[in-house]
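Participant: fold the following, please.
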Amino acid sequence: MNDKGFKEGTGGGARFSKPQFGVFVKNDEYGEGVGPDQDQYDFYFCDRDNHCIWKLDPHGVASLVAGRSNENADNKVWGYVDGNPLHEARFNQPSGLAYDPAQDIFYIGDIDNKGIRYMTTE
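Facilitator: Have a look, this model is predicted:
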């Protein structure tokens with residue numbers, strides 16, 4: 001089985017496997033802020049063993065942003081595939097993440113693919 005504790009959800013209902021480095025990204029849709037702390041940021045982070053990138057919002061909702069695509073094609077969730085982050089892209093143990101707000105681009109350190117990948121948020 002390829003899930004290694006993979007599950008989108010809220011709070012303790014979400015499951016990750018070896019979460020790694022992440023970055024805070026301001027979300028202009030939050031306006032003056034949301035939640036009790038008036039938070040304006042989402043937290044994006046790598047999940048090394050689940051081969052994907054997550055977003056954690058101020059409400060504690062964890063959702064998949066990129067990776068784990070096309071599992072039905074070969075029964076794998078890892079690899080090197082470019083394309084739409086949710087429907088085509090695959091990584092192999094992503095573990096580093098940086099964000100350039102001027103260009104609205106994420107840079108992803110993809111360990112077993114031995115490279116730096118990028119993702120736009122169009």
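Participant: only C-alpha atoms for contact and neighbour calcs from this point on.
Facilitator: OK.
Participant: please enumerate the helices of this protein.
Facilitator: 71-74 (DSSP state H).
Participant: in contact with the spatially most central residue of it, which residues?
Facilitator: Centroid-nearest residue in the chain: I53, 1.7 Å away (criterion: CA atoms, centre = their mean). Neighbouring residues of I53 by CA atoms under 8 Å, 6 or more residues apart in numbering: Y44, F45, C46, D47, L64, V65, A66, G67, P94.
Participant: pretty sure the last one is touching D110, no?
Facilitator: When you say that, I think you mean P94. Yes. Counting by CA atoms under 8 Å, D110 is a contact partner of P94 at 4.2 Å.
Participant: of the two, which one has the most company?
Facilitator: Between P94 and D110, counted using other CA atoms under 10 Å, the more crowded position is P94 (31 against 24).
Participant: where's that one relative to R68, distance?
Facilitator: 11 Å (CA to CA, to the nearest Å).
Participant: quickly list what's touching both of the two.
Facilitator: H51, C52.
Participant: partners of the residue nearest to the centre of the chain in the sheet?
Facilitator: C46, A66 (DSSP bridges).
Participant: any idea how far G35 is from it?
Facilitator: 23 Å.
Participant: K55 too?
Facilitator: 16 Å.
Participant: between these two, which one's more packed in?
Facilitator: Using other CA under 10 Å, the more surrounded residue of K55 and G35 is K55, with 22 against 11.
Participant: so who does the nearest residue to that one once chain neighbours are set aside touch?
Facilitator: Spatially, and ignoring its direct neighbours in sequence, K55 is nearest to Y44 (4.4 Å; CA to CA, 6 or more residues apart in numbering). By CA under 8 Å, 6+ apart, Y44 lies in contact with G22, V23, F24, V25, I53, W54, K55, L56.
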